[in-house]
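Undergrad: compute the structure for the input listed below.
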Amino acid sequence: MNANFLWTTITVKSIETSLSFYQDLLGLTIERRFMPHPALELCFLKDENGFEVELLEHKPATDAVTAPANLSLGFSVADLDEAMAACKDRGIHIVSGPFEGGGVKFFFVKDPDGVNVQFVQR
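TA: Predicted coordinates:
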């Protein structure tokens, strides 16, 4: 069997808040957004290579959302310094890094729900 990766799903407290991170900061575009059930809203965001992040919000919104400790989303950037500056300009705290090794430079931030997001320059 050959399988192709489609998306990663993240449960969020607020799709609107998460959109300011994934759409405005990372430049992902909304592929589709809908409510398959009155208690559930989905929003799929896509990068220019076709990778998707699915944001899932339960209705009514709950504060019980916790980020998985072992999940990290990695995004490739052309200029790591520019990415760091964009994060700082938006008040997004650099959690760790920058680091360099293995032919890459990278740093980590957290999305609005505490998911680890890694920026990588190859």
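Undergrad: low-confidence ranges, the chain, go.
TA: 62-65, 67 (pLDDT under 70).
Undergrad: host element of residue 55?
TA: Taking DSSP states H and E as the criterion, residue 55 maps to strand 52-58.
Undergrad: can you give me the strands for the chain?
TA: Assigned by DSSP state E, the strands in the chain fall at 7-11, 29-37, 40-46, 52-58, 72-76, 96-101, 104-110, 116-121.
Undergrad: what's the domain layout of this structure?
TA: 1-63, 71-122 (automatic domain parsing).
Undergrad: now the shortest one, how far from the chain's geometric center?
TA: Right, the one you point to is domain 71-122. 11 Å (C-alpha atoms, centre = their mean, to the nearest Å).
Undergrad: still on that earlier bit, residue 89 is nearest to which of the strands of the chain?
TA: Ranking these by proximity to residue 89 (C-beta to C-beta) places strand 104-110 first, at 12.5 Å. Just so you know, the C-beta spots here come from the backbone N, C-alpha and C atoms, and that holds for glycine as well.
Undergrad: now do the closest one: which elements does it pack against?
TA: Counting contacts by 3 or more C-beta pairs under 8 Å, 6 or more residues apart in numbering; DSSP states H and E, strand 104-110 is packed against helix 80-89, strand 96-101, strand 116-121.
Undergrad: try 10 Å this time
TA: strand 72-76, helix 80-89, strand 96-101, strand 116-121 (3 or more C-beta pairs under 10 Å, 6 or more residues apart in numbering; DSSP states H and E).
Undergrad: of the ones you listed, which is nearest residue 21?
TA: Here strand 116-121 is closest among the helices and strands packed on strand 104-110 (C-beta to C-beta), at 8.1 Å.
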